[in-house]
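Peer 1: Attaching a predicted model along with its sequence, questions to come.
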Amino acid sequence: MGLLVQRLTDLWERPSTPPTPPCPEQDEIPNRMGVTFREPMKISGTVLMPGRYVFRLLDPRAEHNHVEIFNDDQTKLIARIPPVSGY
């Protein structure tokens, strides 16, 4: 799980082009992010095959949050990951 957390952190913190827009309004906090894997990835006991997935926070305002993983068109819930403590 540590490697996945590091990869997602790297993706999240990677500078974007064009620059990231200003912080959204309180009611518009983003709660999802698309991620593409080029090789199989094991996450919390679930193996994700190469492809694009959507990671969604259940409550974007919560400090510790469950993450749901959906297929690319968000029609199928693949996994729900409980909050990770210690960060």
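Peer 2: Structure's in. What do you need?
Peer 1: Identify the bridge partners of residue 42.
Peer 2: Note on residue 42: beta-bridge partners by DSSP bridges are residue 47.
Peer 1: how near is it to residue 77?
Peer 2: For residue 42, the distance to residue 77 (C-beta to C-beta, to the nearest Å) stands at 18 Å. C-beta coordinates here come from the backbone N, C-alpha and C atoms, glycine included.
Peer 1: residue ranges with poor pLDDT in the chain?
Peer 2: 1-2, 11-30, 60-63, 85-87 (pLDDT under 70).
Peer 1: Now do the strands in it.
Peer 2: 32-37, 41-43, 46-48, 51-57, 67-71, 77-81 (DSSP state E).
Peer 1: need those in a markdown table with distance to residue 8 and mean neighbour count, can you?
Peer 2: Shown next, in a markdown table, are the strands of the chain (distance: least, C-beta to C-beta, whole Å; neighbours: other C-beta atoms under 10 Å):
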| stretch | distance to residue 8 | mean neighbour count |
| --- | --- | --- |
| strand 32-37 | 7 | 14 |
| strand 41-43 | 10 | 16 |
| strand 46-48 | 12 | 13 |
| strand 51-57 | 7 | 16 |
| strand 67-71 | 9 | 18 |
| strand 77-81 | 11 | 14 |
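Peer 1: how about those strands in a markdown table, adding distance to residue 9?
Peer 2: Converted to a markdown table, the strands of the chain look like this (distance: least, C-beta to C-beta, whole Å):
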| stretch | distance to residue 9 |
| --- | --- |
| strand 32-37 | 12 |
| strand 41-43 | 14 |
| strand 46-48 | 17 |
| strand 51-57 | 12 |
| strand 67-71 | 13 |
| strand 77-81 | 14 |
